[in-house]
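Q: let me see the structure of the following:
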Amino acid sequence: MRRIIRTGAFVRKEIMQVLRQPGLMVSLVLGPFAILLLFGSGLREEDPAVKTIFVVPSDSRIAQEVEQFAQAQSERLTVEGVQQDEEDALRRLRRGDVQMVLVFPENAEGTIRGGEQAQVNVYHDQIDPLETQAIQLFTRTGVDEINQQVLRELVRSGQEESADVDQRLAAAKASVDALNQQLSGDGDAQQQLQLAQGDLAGLALALGPSLAVLGGIQETSGPGESAALLEAYQAFTASSDQLGQANDASSIDAQQVSQLADELDTLEQELETFQSLSPEVIVSPFAGSAQRVVEGSVQLVDFYAPAVLALLVQHMVVTFVALSIVRERELGTNELFRAAPVTTAEMVIGKYVAFAIMGAVIATALVLGLIYSLGVPMVGSWPIVLTTIGLLLLASTGLGFLVALAANTDSQAVQYAMLLLLASIFFSGFLLSLERFRPVLTWLARVLPVTSGVVLLRDEMLRGQLTQPLHLTLLAVLAVILFVAAWRLFRRRLYAS
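A: Residues are numbered from 1 along each chain as shown. Here you go, the predicted model:
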């Protein structure tokens, strides 16, 4: 009973010491919430448009295509001008008037005919590595869009050219039909063979260039809407080549000619279908759609809110514990504790309970504020969220003991707490995913209680399930290890001073 009373005395002491500073309690609850509120209300979900200048050669056709490309990218780009002076555009970029300059090549057609790719240069003034990666991604997607536009023009040209071969196709069909009739009759099959060979060669010559472009597109992007046309054309050319090699009508198989007539009918049908297709569908037969399997809508503020909660809980408890222990040492209270009938375990447990209670109150207020004021989703289990916060409080209290035992003054305790806060911001997954770090740093980051807290709270609040349940065990193990270390080191420091 006496142990409980003595332990309770330390609980009451720590709680009353904090309650004597009501302004501190208000700032601890309302301060972080106000910051999150400003962050959430002031943040834009969409990426800001980048001020851009397009530098194009004097060729008016290219300038027109660039303007069409700029209109297609209007959500990401704010076009400040389309001009020919590259040096002027770069000067404006260096002055900060614009953020990006896109320079299209001179004589692109000549470069391509020479067997080289025409280079589109993108200049920017970003120093943020993430923004730099975004611009590199935009460059690749933008160039891909330009290439797609060129392919669309080729397909559209092929469709127009294929529409001009209707007469050739009709003549080839008539010649093949006449040849088929004369092979089974008494007509001059040799003369008709020569006519059919000429008509078939003219048809193949007319269709070849445009359908060769389609063949290249098919090899790059896979089977598309024009696959049937290409197959019909390949079958036609194979049969036509066989007929074209024949010198004597008597050596021709009538069944072969009938098959060629059927292939011409199929080719005619597929040509009609090809001419009715959209060039966009032929060039880009696939469309992508990204869908998230997580329930509800997760905004940028929602993603950061659980991490901020875990970070604040750890920093608050570490600072409270460190300042409390250092202050007792500076005031000479430890001398009284050594002479009093109280054990180290009772003092440590009392402080643990006191700061766990205060931390739980503040954490509960923050959680309720996030969910019911900021609208942060809570799709998971309350028991798991509360267990995570409880373990985080216990582990953070032990971490606060270690900070206090390493410091000799209040200012040192504050400095060490701030260093721990910076380490937690950079290595806990708050700003960057742990997968971005090297394995050694990843394992060192897991020593921080906030790392597991961020993973668990994000998963349970936003996903509704724990994708990494091992973090719950790790957090519990950290809490036990830090408690044992705090108790042993506090006892050694207390009786050694």
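Q: what packs against the helix or strand where residue 383 lies?
A: Assessed by DSSP states H and E, residue 383 sits inside helix 382-406. Judged by 3 or more CB pairs under 8 Å, 6 or more residues apart in numbering; DSSP states H and E, the packing partners of helix 382-406 are helix 300-331, helix 344-372, helix 410-427, helix 449-458, helix 470-496. (C-beta placed from N, C-alpha, C; glycine too.)
Q: what's the most buried one of the ones you listed?
A: Ranked by mean neighbour count, the helices and strands packed on helix 382-406 are led by helix 449-458 with a mean of 27 (mean count of other CB atoms under 10 Å).
Q: contacts for it?
A: Helix 449-458 is contacted from outside by 303, 306-307, 309-311, 313-314, 384-385, 388-389, 391-392, 395-396, 399, 424, 427-430, 434, 445-446, 466, 468, 471-472, 474-475, 478-479, 482, using CB atoms under 8 Å, 6 or more residues apart in numbering.
Q: tell me what angle it forms with helix 344-372.
A: 40 degrees (axes from the mean of the first three to the mean of the last three CA atoms, to 10 degrees).
Q: so for helix 449-458, mean pLDDT?
A: Taken as a whole, helix 449-458 has an average pLDDT of 92.
Q: got the angle between it and helix 470-496?
A: Angle of helix 449-458 versus helix 470-496, following the same axes, to 10 degrees, is 150 degrees.
Q: please renumber the chain so that the first residue is 34 from this point on.
A: Taking 34 as the first residue, the last one we looked at is helix 482-491.
Q: could I get helix 482-491 in CSV with only the CA atoms?
A: What follows is helix 482-491, C-alpha atoms only, in CSV (Å, rounded to 0.1, in the frame of the first residue of the first chain):
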residue,chain,number,x,y,z
PRO,A,482,9.3,5.2,-31.6
VAL,A,483,7.7,7.8,-33.9
THR,A,484,8.6,5.7,-36.9
SER,A,485,6.4,2.8,-35.9
GLY,A,486,3.8,5.3,-34.7
VAL,A,487,3.6,7.0,-38.2
VAL,A,488,3.2,3.7,-40.0
LEU,A,489,0.6,2.3,-37.7
LEU,A,490,-1.6,5.4,-37.4
ARG,A,491,-1.5,6.0,-41.2
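Q: ok, the closest residue to residue 119 other than its chain neighbours - contacts?
A: Closest residue to residue 119 apart from its sequence neighbours, by CB to CB, 6 or more residues apart in numbering: residue 88 at 4.8 Å. Under the criterion of CB under 8 Å, 6+ apart, the contact list for residue 88 reads 116, 117, 118, 119, 122, 134, 135, 136, 137.
Q: nearest to residue 376, of those residues?
A: For these, the closest approach to residue 376 (CB to CB) belongs to residue 134, at 71.9 Å.
Q: surely that closest one and residue 85 touch.
A: Yes - the pair residue 134 and residue 85 passes the contact test of CB atoms under 8 Å, sitting 7.1 Å apart.
Q: now residue 468: closest residue in space, sequence neighbours ignored.
A: residue 475 (7.9 Å).
Q: sorry, wrong one. I was asking about residue 360.
A: residue 443 (6.8 Å).
Q: show me what contacts the one you found?
A: Contacts of residue 443 by CB under 8 Å, 6+ apart are 356, 359, 360, 363.
Q: again, only this time at 7 Å
A: 356, 359, 360 (CB atoms under 7 Å, 6 or more residues apart in numbering).
Q: out of these, the closest to residue 385 would be?
A: residue 356 (15.8 Å).
Q: ok, and the closest non-adjacent residue to that closest one?
A: residue 446 (5.7 Å).
Q: then residue 168?
A: residue 157 (5.2 Å).
Q: quick check, residue 409 in a strand?
A: No - if the criterion is DSSP: H, G, I helix; E, B strand; the rest coil, then residue 409 is coil and not within a strand.
Q: could you report the pLDDT at it?
A: 85.
Q: wouldn't residue 209 be in contact with residue 297 here?
A: Yes - between residue 209 and residue 297 a contact is recorded at 6.3 Å, counting by CB atoms under 7 Å.
Q: circling back: can you put the helices and strands packed on helix 415-439 in CSV and add distance to residue 144?
A: Formatted as CSV, the helices and strands packed on helix 415-439 follow (distance: least, CB to CB, whole Å):
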stretch, distance to residue 144
helix 333-364, 42
helix 377-405, 56
helix 443-460, 46
helix 482-491, 49
helix 503-529, 55
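Q: looking at those, which is nearest to residue 177?
A: helix 333-364 (27.1 Å).
Q: angle of the closest one against helix 377-405?
A: 150 degrees.
Q: which other helices and strands does helix 333-364 contact?
A: In terms of contacts (3 or more CB pairs under 7 Å, 6 or more residues apart in numbering; DSSP states H and E), helix 333-364 is packed against helix 35-52, helix 55-75, helix 377-405, helix 415-439, helix 443-460, helix 482-491.
Q: again, only using 10 Å
A: Here helix 333-364 touches helix 35-52, helix 55-75, helix 366-372, helix 377-405, helix 415-439, helix 443-460, helix 482-491, helix 503-529, going by 3 or more CB pairs under 10 Å, 6 or more residues apart in numbering; DSSP states H and E.
Q: coming back round to it: find the residues that touch each one of residue 134 and residue 85.
A: By CB atoms under 10 Å, 6 or more residues apart in numbering, residue 134 and residue 85 have these common neighbours: 113, 122, 126, 155, 157.
Q: nearest to residue 399 among the residues you listed?
A: Of all these, residue 157 has the smallest distance to residue 399: 39.2 Å, by CB to CB.
Q: dump the residue contacts of that closest one.
A: Contact analysis of residue 157 by CB under 10 Å, 6+ apart lists 83, 85, 126, 131-135, 164-165, 167-169, 171-172.
Q: so which of those residues sit within helices?
A: 126, 164, 165, 167, 168, 169, 171, 172 (DSSP state H).
Q: so what pLDDT did the last one get?
A: Spelled out, it's residue 172. 78.
Q: can you give me the pLDDT of the closest residue to it other than its chain neighbours?
A: Distances taken as CB to CB, 6+ apart place residue 155 nearest to residue 172, at 4.8 Å, with adjacent residues excluded. Looking at residue 155, its pLDDT reads 86.
Q: so which bits of the helix or strand where residue 155 lies are buried?
A: Assigned by DSSP H and E, residue 155 belongs to strand 154-157. Going by neighbour count (16 or more other CB atoms under 10 Å), the buried part of strand 154-157 is 156, 157.
Q: strands paired with that strand, and their directions?
A: strand 133-136 (antiparallel) (DSSP bridges).
Q: per-domain residue ranges of the chain.
A: Residue ranges for the domains of the chain, per automatic domain parsing: 35-76+332-529, 83-189, 197-316.
Q: list the contacts of residue 136.
A: Counted by CB under 10 Å, 6+ apart, residue 136 has contacts 86-90, 119, 122-123, 152-156.
Q: wait, residue 158 touches residue 131, no?
A: Yes - Residue 158 lies in contact with residue 131 (CB atoms under 10 Å); the separation is 8.4 Å.
Q: neighbour count winner among these two?
A: More crowded of residue 158 and residue 131, by other CB atoms under 10 Å: residue 131, with 22 against 13.
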